[in-house]
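Colleague: structure here, sequence nowhere to be found:
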Ligand code: PEP
Ligand code: MN
C-alpha cells in the first residue's frame, strides 16, 4: 500500500446537510438513474422522502457507454434536482462528469458523485478537491482498492477531505451480474482508510431481483450507506430500468434493511418520520453522539 496513504487515522464522518455518513445510521440514498422529467422526479422524490430515504439520487449528466443513449437533461436536470431538494428537505447526490461543471453542479446538489468511469480522471478529482462539497467517489470497475484510495488521495491532496467511497462492483469473469459486487472491500477499506464506505447494489448486479439480497448483505458487512436505483416505472425508464426497483418493492426492501441494520447495531431511519417531522433535532443529536437506539 502506498506510503502516501495515511494509516491509523481516526474514522471520519462526512456531513451533507443533516445527514452524517459514518455515524451509526446507515444512510439510504435512492432515486432513478437519471432525472427524466420534472413531474415524475418530484413525485418520486416525495414518495422516497415519506419512506425515510435520506438522500435523493438522479443523474443530470449521464456517462453512457454508447454515445446514442440518453445522456441526461443537463442543466434542466440540475434545476429539477434543486427543486426536489427544496420540496422534500432532503440532500441530493448527482454525478459531475466534466471539471468545467463542478461549480454548476455544486450549486444544485449537496454531494458530488464521481462515477466509476471517471475514478481516475485526475483533472476532475482535482477540481472536486477544490470544492467544499462532499464527494462520493465510486470505485472504477477495474480498480484495485489501492488505486481507489489513491484516487481519493488526489481529492484530499487538493484540499477536500469530505470523501465517501462507493463500492459499485468490479469486472470479473462472471456474466450473471453486470459486475461482481466486492463486499469484502467494505471492511477492508474501513481498516485502511478513514472514509465512510457506501455500497451501490444496483449498478453492481444489473438485475432488480438481485438488488435486495445484495443491499441486505451490504448492511450486514458494515456499509455506511446504500445507493439504490428506484424508478416509478422501471419498464419505461430511459436508463437502467432493468436494475431499478419500483417504489413498492423498494419500500418492502427498506423494512428488511431496517431489521438487518438493527441486528448489526446500526439503524435506518423510520418511514414515519419524514424530513420535516417533529423530533428531528433529537434524532440528529443522537446520531451526532453516536447513539444507535431503537426509538430513533
Ligand atoms: C450512477 O450511479 O449513475 C452510475 C453511472 O454509476 P457507475 O458510475 O457506478 O456506473
Ligand atoms: Mn444507473
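Modeller: Everything's here; your move. Just so we're clear, the structure is a prediction, and the values are computed from it rather than from any experiment. Ligands and ions are numbered 1, 2, ... in the order given.

Colleague: is the strand or helix carrying residue 227 up against ligand 2 anywhere?
Modeller: Per DSSP states H and E: residue 227 is located in strand 225-229. No. Remark: strand 225-229 sits outside contact range of ligand 2, by CB under 5 Å from the ion, the gap being at least 5.6 Å. Yep, even glycine has a C-beta here, placed from its N, CA and C like the rest.

Colleague: packing partners of that strand?
Modeller: strand 27-31, strand 55-57, strand 197-199, helix 201-205, helix 208-220, helix 247-263 (3 or more CB pairs under 8 Å, 6 or more residues apart in numbering; DSSP states H and E).

Colleague: next to ligand 1, which bits of the stretch 151-296 of the chain? Give me the list.
Modeller: The stretch 151-296 of the chain comes close to ligand 1 at residues 168, 200, 203, as judged by CB under 6 Å from any ligand atom.

Colleague: count of neighbours near the second one?
Modeller: Put plainly, it is residue 200. 29 (other CB atoms under 10 Å).

Colleague: so what's the residue of the chain found nearest ligand 1 up against?
Modeller: Ligand 1 sits closest to residue 115 of the chain, with a gap of 3.1 Å, by CB to the nearest ligand atom. Residues near residue 115 by CB atoms under 8 Å, 6 or more residues apart in numbering: 63, 95, 97, 138.

Colleague: and the helices in the protein?
Modeller: 38-51, 75-88, 102-108, 122-129, 145-157, 185-192, 201-205, 208-220, 247-263, 280-288 (DSSP state H).

Colleague: buried deepest among those helices, which one?
Modeller: Most buried of the helices of the chain, by mean neighbour count (mean count of other CB atoms under 10 Å): helix 201-205, with a mean of 26.

Colleague: from the chain's centroid, how far away is that helix?
Modeller: 12 Å (CA atoms, centre = their mean, to the nearest Å).

Colleague: residues contacting that helix, please?
Modeller: For helix 201-205, contacts defined as CB under 8 Å, 6+ apart pick out 116, 167-169, 177-181, 210-212, 214-215, 218, 226-229, 240, 243-245.

Colleague: same thing but at 7 Å, please
Modeller: With contact meaning CB atoms under 7 Å, 6 or more residues apart in numbering, helix 201-205 is reached by 168-169, 177-179, 181, 211, 214-215, 218, 226, 228-229, 243-244.

Colleague: got it, and stretch 209-229?
Modeller: Under CB under 7 Å, 6+ apart, the answer for stretch 209-229 is 21-22, 26-30, 32-33, 57, 166, 177, 181, 183, 186-187, 190, 196-202, 204-205, 240, 243-245, 250, 253, 256-257, 260-261, 264, 266.

Colleague: beta partners for residue 166?
Modeller: Beta bridges link residue 166 to residue 138, residue 198, judged by DSSP bridges.

Colleague: wouldn't it be in contact with residue 196 here?
Modeller: No. Applying CB atoms under 7 Å as the test, residue 166 and residue 196 come out as separate, 9.6 Å apart.

Colleague: of all the helices of the chain, which one is nearest residue 271?
Modeller: helix 38-51 (4.8 Å; CB to CB).

Colleague: identify the bridge partners of residue 91.
Modeller: Going by DSSP bridges, residue 91 forms beta bridges with residue 55.

Colleague: what is the neighbour count of it?
Modeller: Around residue 91 there are 21 residues (other CB under 10 Å).

Colleague: and of the helices and strands packed on strand 225-229, who's closest to ligand 2?
Modeller: Smallest distance to ligand 2 across these (CB to the ion): 5.7 Å, for helix 201-205.
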